[in-house]
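Visitor: Provided below for reference: sequence and predicted model.
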Amino acid sequence: MSEIYTLTSSRNDRVFIHVMPGHFVSANNHINYYIGTSDIKHNHNVSVDAAMILSGYYIASDIHVDTVLCLYETQTLGGYLAHELARPNMFSPNPNDTVYVIGSEYDAAGNLIFRDNLRRMIKDKSVVVLISCITSGKTVERAIESIEYYGGKAVGVSSVFSAVDTVSGVHVNTIFNLEDLPHYKAYPMHDCPYCRQGMPVDAISNGYGYSMLG
């Protein structure tokens, strides 16, 4: 497995991710890069600047947001995103609405559950799904479905890195994409060229991080 290197955002040189080439297993695919987003999720300074980048799309597009649904430890980033969306700006100089920030809980089948004390933050609300990385979009699809089950509407998807432009017809507002990492590939588990070549898996990865094998 190669060394980790850093990708910096063209919109703000204080916002960055770490990229590690290799052979990784994710929830739905085999991928050739691990995308490290820990600093954006857990470093205050980086997270604040990342939230400013992400909020710009909703402000400029005049998309009203009631709730930010945070997947895979993105609550810190979600809090700063909500702060940016709720503060006065040229399009909304006197905002008076609360922007909720909620985490995710899953049942055994992988469906999102919103407990009764949180349902009011989804029902009849305009919701943004926030996630660190999107490869195929399947995880976000299920989140959007769950929002609809509880009577809400997904008005946006935001991510740190995304390999797709839309999920379930919703535009993906992302900091990094395939233009930043053009060699990024995802393969179905049954059709992985690395596996066919006998290349061992380096690590199992998910939205929380990675676990080395061997």
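Guide: Sure thing, it's come through.

Visitor: Which strand residues bridge Tyr33?
Guide: For Tyr33, the beta-bridge partners are Pro21 (DSSP bridges).

Visitor: State the distance from it to Pro193.
Guide: 14 Å (Cβ to Cβ, to the nearest Å). For the C-beta atoms, the positions are set from N, CA and C on the backbone; glycine is no exception.

Visitor: where does Gly79 land in three-state SS?
Guide: What DSSP: H, G, I helix; E, B strand; the rest coil gives for Gly79 is helix.

Visitor: Nearest residue to it in space, please, no chain neighbours.
Guide: Val101 (5.2 Å; Cβ to Cβ, 6 or more residues apart in numbering).

Visitor: tell me the contacts of that neighbour?
Guide: Shown in contact with Val101 (Cβ atoms under 8 Å, 6 or more residues apart in numbering): Thr67, Val68, Cys70, Gln75, Gly78, Gly79, Ala82.

Visitor: so it sits in a strand?
Guide: Yes: assessed with three-state DSSP, Val101 lies in a strand.

Visitor: Compute the distance between it and Val128, please.
Guide: Taking Cβ to Cβ, one finds Val101 at 10 Å from Val128.

Visitor: shared neighbours of those two, anything?
Guide: Thr67, Val68.

Visitor: which residue ranges form the strands in the protein?
Guide: 5-8, 16-25, 30-36, 67-70, 100-102, 126-134, 153-162, 166-167, 170-176, 186-187, 203-206, 209-212 (DSSP state E).

Visitor: ok, back up a step: so for Tyr33 and Pro193, which sits in the more crowded spot?
Guide: Tyr33 (22 against 12; other Cβ atoms under 10 Å).

Visitor: Surely the more buried one is in contact with Ala186?
Guide: No: if you go by Cβ atoms under 8 Å, Tyr33 and Ala186 don't touch, sitting 9.3 Å apart.

Visitor: is the closest residue to Thr135 other than its chain neighbours in a bridge, and if so with what?
Guide: Leaving aside its sequence neighbours, Thr135 sits nearest to Ala186 (Cβ to Cβ, 6+ apart; 4.8 Å). Beta bridges link Ala186 to Ile31, judged by DSSP bridges.

Visitor: any idea how far Ala186 lies from Asp165?
Guide: Separation of Ala186 from Asp165 (Cβ to Cβ): 15 Å.

Visitor: neighbour-wise, which of these two wins?
Guide: Each of Ala186 and Asp165 had its neighbours counted (other Cβ under 10 Å), and the higher figure belongs to Ala186 (17 against 12).

Visitor: Can you tell me who the most centrally placed residue in the chain pairs with across the strands?
Guide: Nearest to the mean C-alpha position of the chain, by Cα atoms, centre = their mean, lies Ile131 at 1.9 Å. On the basis of DSSP bridges, Ile131 is bridged to Ser159.
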